[in-house]
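sequence and predicted structure are below.
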Amino acid sequence: MPKANENTPVTKASLYSWVFHRNTNLQTIVIGIILITVALRLVPLEMSKRIINEAVGMKDLHKLFLYCGIYLVSVVLAGVCKYIINLMQNFIGERTLKTLREKLYAHALSLPLNYYRKTSPGQVISYMITELIPVANFIGSAVAVPVVNLLTFLAYFIYLFYLNPFLSIIAVGIYTVEVLVIPPIQKRFNRANRERIDNTQKVSGLIGESISGVHEVHANASIPLERSRFQSTLEKLYRSTLIMNAYKYGIKFSNNFFQSLGPFSLLLIGGYLTIKGRFDLGALFAFQAAYDKLYQPWKDLMEFWQIYIDSSVRYRQVMDAFDLVPEHELTVHDRDPYVLDGSIDIRNVSYVVGNNIKLLDNVSLSIREGEHVALVGFSGSGKSTLALCVAQLYKHTSGNVMLGERDVNTLTKQDMAHNVGMVAQHPFIFNGTVRENLLYSCDALTLQGGACAAGETPSLDRIIENIQQVGLFLDVLSFGLRFTIDPQEHPKLTEAIIHARHEFRVQHGDDLAADIEPFSKKTYSRYSNVISNITAGASPNPEYALETLYDKDFFRVFLDKQDLTEPLITLGADLTARTVDIFNSMPESTVDNMLEEMLSNSPIAQEDFEQCKNVAEHLDRGHDLRENERTLMLKLALASSPGRHKLVHLSNDLAERIKSARKPFQEMMEALDPGSFEFMRWRSYMRQRSIQDNIVFGHVKHDSAGAEERINQRIMQLLIMEGVLEQVVEMGLEFQVGSMGDRLSGGQRQKIALARVFLKSPKIVILDEATAALDNASQKRVQSVITNKWHGRNTVIAVIHRLDMLIHYDKVAVLKAGKIIEQGTYEELLERKGALHELVYGK
Amino acid sequence: MNSFTENSGQNCCQHEAIMAQLRAVPHFSEIPLDIIKVLALLCSPMNYQPGTVLFHQDDGDDKAYLIMSGKAELTRNLEGQTTKIGSLGPGAFVGALALMADVKRLFTLTASETTVCLTIRRKQFLQALEKHPSAHVFFTKVLTRSIVDWEEALLRAGTCPANSLGSTGVSLL
Ligand SMILES: Nc1ncnc2c1ncn2[C@@H]1O[C@H](COP(=O)(O)OP(=O)(O)O)[C@@H](O)[C@H]1O
Ligand SMILES: [Mg+2]
C-alpha cells in the first residue's frame, strides 16, 4: 500500500489536537483577553474596599465618585471581555465542528461497502450530527474555561491572601470540605433517581398490560390479584421517590449550609479581628465579596471536568466507529489519471468473507478490448460479486484483476472514474431533478479533471439523444407536460399549446375518445371532483383556491341557495360511513401501515381520518352532526370524483343538479369579484392547469389502460409540428424525482442509471442486470444500443438475466457457487450441452 | 337527514361491484368478507380497448387478472408463429401464480372487445392478507390443487411419453 497522504487519517487524531488545530493564534488571543478580564474582576473588590475605607470613612465625596466610576467602568469592561471570549470560544468550537464533520464525512464515504453491511445510515447520522456537538462545545471551551476559572480562582485567592492570609486559608478550607461532601451525596441521588425511573416504567407497564388484557382480568375475576400486584409495584415507586427526594433536599441543605458557613466564620473571625483593630471594615467588606465570588469559578471548573470526561469518551467512540482505512486511494498523486486500454484480465480471483465463505472461488476470465462478455448463473452464484470486484467496489482477497494491464488494487478512485462506469443491480437515484441525476456520473468525472464522452457539460441535444436510447424520452416528456406555465412569461409556447389543442381535437378526438373525458359545458365530468364541476374554472387568487371554498361564507351561501348543501353533506357522510366501515374491520396495526395507500384513492385526507371516524360513529348512533363535522363532510363531498374514488356514490340526479349550478356560480363570481375567476374556454389558456390538460382539454382516464402513453405519443407529434417539443422536454428534465427517486417507477430509475453510463461512455462498462426492470421491448432496444454503441470499442461486462440477449455477446461465462464453470461463445456452450444448455432449455 | 343509509345495501358504487366479482373467484372463496372489502379498495379495474395487451409473453409480472366484463384472447408466440390458445370472458381469473412470486408470462393476453379487467398486485394482495394466514394458506391450496389437477388431465390425455422428465412432471418440482 502506498502511503502518500500527508496528514494522518481523521480517525487517528486526538481530541486535544483539535483544540489547537488551526486555532493556536486564536487560543493565544483568548488567553490574553482572559488575563485582562481576570485583572478587571479584581478592580471592583479593591474599589469597594476603598469606597468604604477612604471615601465613606473619610467622608470624601470626590473619592466616592472617582471610585464608583472606576468600579462601573471595570465591571462593564469585564463584561465586554467575557462577551468576546464567549464569541471566540463559540467560533473556535463551530469552526472545528465544521472541519471535523467535513473530514469525517469524506472519510466515511470512502470506506469499503462491506463496512456499511454492518453500519446503518442512522448510526452514521447520529455520530456525525448529535454525538459531535458536545465534543465541539468542549473543543471551543477547552482553553478558555479552565484558564478563566483557574486564574479567577487564583486571583481571588491571592487577593484574599493579601487582605488576610489567615482568613483566606479558612475560606479555601471550607470549599475543600464542600467538595468532599457533596459529590458522594450527588452520586447516591443519581442512583436513587435511576431506581425511581425504573419503578415508574414498571408501574406504567403494569397499567398498560392490565388495561390491554382487561378482558382476561374479567374472565378470571382477577381484579384483587391485579390490585395486589399493582400495590406492591406502586409501593416500590413510592419508596424510591421518597428516598430520591431525601437526597435531593440533602444536597440543597449542604449547599446552603456551606454557603452560609463561609460568611458566618468570616463574620465571626473577621469581626473579632476588626474589633481588635487588626483588620479594617473595608477589608472585611471586600473579603466577604471576594469569598462569594470564589464559588462560581470553582463550580465551573468541576463542571468542565465532567464535560471533558464525557467528551473524550464520546469522541473516542465516534472515531473508533470510523477507524478503518479506505481500501483505495481517492486521488492520483504526481501523475495524470491513467488512460487504460479496455482489456480485462481476471486471474485466479477469490473473494473470501467471514468464516472462510468463498463468494468467489478461483475465478479466471480474460477479456480483450472492446469485447462484450455476459455473466450468467442462478441468483446468488456470485455474478454481482464478480462485477463489483472488477469495479473496485469489493476488494478481492486473492488473485489479480488487471484493467488495461494495471492491477485494480493499485488504481485510485480517480483512475476508476476516468475509465470505468457501472450500472448497479439496484441503482440509486438522488433527490433532485432528472437532469441532475442524468449528469451525476459526468459531473463527478468533470470534478476530477475528466470529461464525459458526451462533453464536459453535455448539451441538451446529447442528453435528449441519450434518453431516447434508453427509452426515457417519453417519460421525460410526460414530466414536462405536468408543468404549469405562466402564459405571460411564455407567450410563444402558450400559443403553440392552444394551437396543438385544436389539432389534437381534430386529429385524435375520435380515436382517443375512450381515453379522454373532454371538458364540456354540457356534461358532468365524472373524472373531476365536485367543486371543479361547479366552478368550471379556477382563480389565480389564493382567496378563491378551489380546495378552500368549502369553508368560505360566500360559497356556503351560494350552495344553500342552490339547495346543494344538504345533498352534498349526505354524499360526504355516505362516503365516510363506507370508508370507516372498511377500516373498522381491519386489525389496528394493519390500518396504521396501510392508511396512506388505502386513502390514496379516496378524497379523505389522512389528517382528517380521525375526525371521519368520529363522524361515522355519530352517524351510526343516529346523532345529528355538529357544525364542524358538517363542514368536513362538505369538504369531502366537494373533493369527490366518482371516476377516481371507488367509494363515492354520486347519483345522476345529483350530478345534474351540481352541473346546473355552474351558470349561477359564474354569475355570482362576476358580480362579486369580476375577472377573478378564469372560466374554462376553448380558446384561452388555463394557467392553473398543466400543459397536458391544456392540450387534451379534458381528463385523461387513468383507468383506461395505456391511455397516458397513447396520448403523450400524439402530443409529442403535435409538439414537433409546433416546434416546441424540446422546450417541454427541457422542463421535464427539471422534474423533481423525490427522495430516493420515489416519484419515479422502477423502470424509470433504471433507465436513468443506464443513461448516466451512456452519457459517460467509459472505456470499461459494467452492467449488473441493468435492464431487469424494463419491459421486453425496451430491453431489446437498450441491448441493441449497447451493441451498436460500444461493440469493438468499449469493453462490456454484463450480468444477464434474460438468456435471449446472450446472442449479442462475444463470450458467456456461467457462474455457479462462486466458480466459473463454463466459458466460451454462446454457440460453443450450447453445443457442449452443459450448464448453459441447462439454463436455457431446462434439464 | 339520514338519507345516506338508503344507498347502502344496493350495488351503488364501484367498490361494491368489485367486491361482488372478487367473491365469485374460487381462490378467494374462503377469505373473510372484511378482507375482500380491503382488497377491493386496493385494486383497480382498468378498461382495455380492443387490441390492447393486458400482458405480454416474456415480460416479468407481479399481478393477477380478473376479467370483469368483455373478452380477451390468449396467444403464444414461438419463433414468429402466433398460436391462439383460447379466449377468456367475464369471471376468468388468470395469472394467480404471480401473487406468490415474480413470474415470466408465457402467453400474451389481448383484449378482443372493450374489456374491464381487475388487476391485483402481489404487494396489495399480501398487505390485505397479512393478518390472515389461514386465508393465505387456503389460497395456496387452491393454487396447488389446480396445478396438480391440470397435470393429471394432461397425463390422462396421454401427453406423457417415456423419458419426458423436464417437459412433464410439473408436480415433481
Ligand atoms: N460482502 C458479503 N458478505 C457476505 N455475503 C455476501 C457478501 N456479498 C454478497 N454476499 C452473498 O454472496 C452470495 C452471492 O451474491 P451475488 O454476487 O449478489 O449473487 P448474484 O449476483 O449472482 O445473484 C449471496 O448469497 C450474497 O448474499
Ligand atoms: Mg446480482
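Happy to help now that I have it. Ligands and ions are numbered 1, 2, ... in the order given.

same for the lengthiest helix in chain B, what does it pack against?
In chain B, assigned by DSSP state H, the helix with the most residues is helix B:133-156. When contacts are defined as 3 or more C-beta pairs under 8 Å, 6 or more residues apart in numbering or on different chains; DSSP states H and E, helix B:133-156 packs onto helix B:122-129. Yep, even glycine has a C-beta here, placed from its N, CA and C like the rest.

for the helix it packs on, which helices and strands make contact with it?
On a contact count with 3+ C-beta pairs under 8 Å, 6+ apart, helix B:122-129 meets helix A:588-599, helix B:33-42, helix B:133-156.

hey, which of those helices is tucked in deepest?
Mean neighbours per residue, mean count of other C-beta atoms under 10 Å in any protein chain shown, is largest over the helices and strands packed on helix B:122-129 for helix B:33-42, with a mean of 21.

centre of the chain to the longest helix of chain B, how far?
14 Å (C-alpha atoms, centre = their mean, to the nearest Å).

and the angle for that helix with helix B:122-129?
Orientation check (axes from the mean of the first three to the mean of the last three C-alpha atoms, to 10 degrees): helix B:133-156 against helix B:122-129 gives 130 degrees.

who touches helix B:133-156?
B:26-28, B:30-32, B:35, B:96-97, B:99-100, B:129, B:160, B:168-171 (C-beta atoms under 8 Å, 6 or more residues apart in numbering or on different chains).

for stretch A:501-515, same thing?
The contact list for stretch A:501-515 (C-beta under 8 Å, 6+ apart) reads A:518, A:682, A:694-697, A:700-701, A:704, A:707, A:710-711, A:714-715, A:718, A:721, B:47, B:49, B:114.

which of those fall in strands?
Among the contacts of stretch A:501-515, DSSP state E puts A:518, A:700, B:47 in strands.

list the residues that contact the first one.
By C-beta under 8 Å, 6+ apart, residue A:518 lies in contact with A:505, A:509, A:697-698.

where does the closest residue to residue A:733 other than its chain neighbours sit, in terms of helix or strand?
Counting by C-beta to C-beta, 6 or more residues apart in numbering or on different chains, residue A:733 lies nearest to residue A:435, which is 4.0 Å off, once chain neighbours are set aside. Element membership for residue A:435, per DSSP states H and E: helix A:434-438.

ok, the nearest residue to residue B:46 once chain neighbours are set aside - contacts?
Nearest residue to residue B:46, sequence neighbours excluded (C-beta to C-beta, 6+ apart): residue A:705, at 4.6 Å. Taking C-beta under 8 Å, 6+ apart as the criterion, residue A:705 is in contact with B:46-49, B:52, B:54.

rebuild those as JSON lines, extending it with neighbour count.
Formatted as JSON lines, the entries for these read as follows, by neighbours: other C-beta atoms under 10 Å in any protein chain shown:
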{"residue": "B:46", "neighbour count": "22"}
{"residue": "B:47", "neighbour count": "21"}
{"residue": "B:48", "neighbour count": "24"}
{"residue": "B:49", "neighbour count": "20"}
{"residue": "B:52", "neighbour count": "21"}
{"residue": "B:54", "neighbour count": "24"}
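
which one of those residues is nearest ligand 1?
Relative to ligand 1, the closest of the contacts of residue A:705 is residue B:54; by C-beta to the nearest ligand atom it sits at 30.3 Å.

tell me the contacts of residue A:159?
For residue A:159, the contacting residues are A:42, A:45-46, A:286, A:290, by C-beta under 8 Å, 6+ apart.

assumed it was part of a strand.
No. According to DSSP: H, G, I helix; E, B strand; the rest coil, residue A:159 belongs to no strand; its state is helix.

tell me how many other residues surround the residue in the stretch 101-250 of chain A that ligand 2 sits nearest to.
With C-beta to the ion as the measure, residue A:113 is the residue of the stretch 101-250 of chain A nearest to ligand 2, at 13.7 Å. Residues near residue A:113, counting by other C-beta atoms under 10 Å in any protein chain shown, number 11.

need the nearest residue in space to it, chain neighbours excluded.
Take residue A:113 and drop its neighbours on the chain: the residue closest to it by C-beta to C-beta, 6+ apart is residue A:393, 5.5 Å away.

look at the one you found and report its pLDDT.
Here, the pLDDT recorded for residue A:393 equals 91.

tell me the secondary structure for the closest residue to chain B within the stretch 401-550 of chain A?
In the stretch 401-550 of chain A, the residue that lies nearest chain B is residue A:514 (5.5 Å; C-beta to the nearest C-beta). Under three-state DSSP, the three-state class of residue A:514 is coil.

tell me the contacts of the residue nearest to the spatial centre of chain A?
In chain A, the C-alpha nearest the mean C-alpha coordinate belongs to residue A:739, at 8.5 Å (C-alpha atoms, centre = their mean). Neighbouring residues of residue A:739 by C-beta under 8 Å, 6+ apart: residue A:431.

can you check the one 5 residues further on too?
Taking C-beta under 8 Å, 6+ apart as the criterion, residue A:744 is in contact with A:429, A:737-738, A:752.

in these, find the pair that's most separated.
Using C-beta to C-beta, the pair of the contacts of residue A:744 lying farthest apart is A:738 and A:752, separated by 12.7 Å.

quick one: which of the two has more around it?
Neighbours were counted for residue A:738 and for residue A:752 using other C-beta under 10 Å; residue A:752 has more, 24 against 12.

who touches that one in this structure?
Taking C-beta under 8 Å, 6+ apart as the criterion, residue A:752 is in contact with A:427, A:429, A:434, A:437-438, A:470, A:472, A:741, A:744.

ok, now residue A:265?
Residues near residue A:265 by C-beta under 8 Å, 6+ apart: A:170, A:174.

cool, and residue A:544?
Per C-beta under 8 Å, 6+ apart, neighbours of residue A:544: A:673, A:676-677.

and for the closest residue to residue A:548 other than its chain neighbours, the neighbour number?
Nearest non-adjacent residue to residue A:548, counting by C-beta to C-beta, 6+ apart: residue A:542, 7.9 Å away. When counting by other C-beta under 10 Å, one arrives at 7 neighbours for residue A:542.

quick check: the gap between the closest residue to residue A:487 other than its chain neighbours and ligand 2.
Using C-beta to C-beta, 6+ apart and skipping the chain neighbours, the partner closest in space to residue A:487 is residue A:494 (4.1 Å). Residue A:494 sits 49 Å away from ligand 2, taking C-beta to the ion, to the nearest Å as the criterion.

tell me which element residue A:494 falls in.
Secondary structure assigned from DSSP H and E places residue A:494 in helix A:491-508.

what's the distance between that helix and the middle of its chain?
Averaging C-alpha positions (C-alpha atoms, centre = their mean) puts helix A:491-508 42 Å from its chain's average.

wait, what's in contact with the residue nearest to residue A:487?
Residue A:494 neighbours (C-beta under 8 Å, 6+ apart): A:485, A:487, A:685.

also within reach of ligand 1: list those from those residues.
Among the contacts of residue A:494, no residue is within reach of ligand 1 (C-beta under 6 Å from any ligand atom).

tell me the pLDDT at residue A:189?
Per the predicted model, pLDDT is 87 at residue A:189.

you'd agree it is up against residue A:245?
No. Using C-beta atoms under 8 Å, residue A:189 makes no contact with residue A:245, being 9.3 Å away.

which of the two has more residues huddled nearby?
With neighbours defined as other C-beta under 10 Å, residue A:189 and residue A:245 compare such that residue A:189 has more, 19 against 14.

which regions of chain A lie under the pLDDT threshold?
For chain A, the stretches with pLDDT under 70 are A:1-7, A:843.

and it, what are its domain boundaries?
Following automatic domain parsing, chain A resolves into domains at A:3-321, A:344-476+A:735-841, A:484-723.

can you tell me which of the ones you listed is most buried?
Among the domains of chain A, domain A:344-476+A:735-841 has the highest mean neighbour count (mean count of other C-beta under 10 Å), at a mean of 19.
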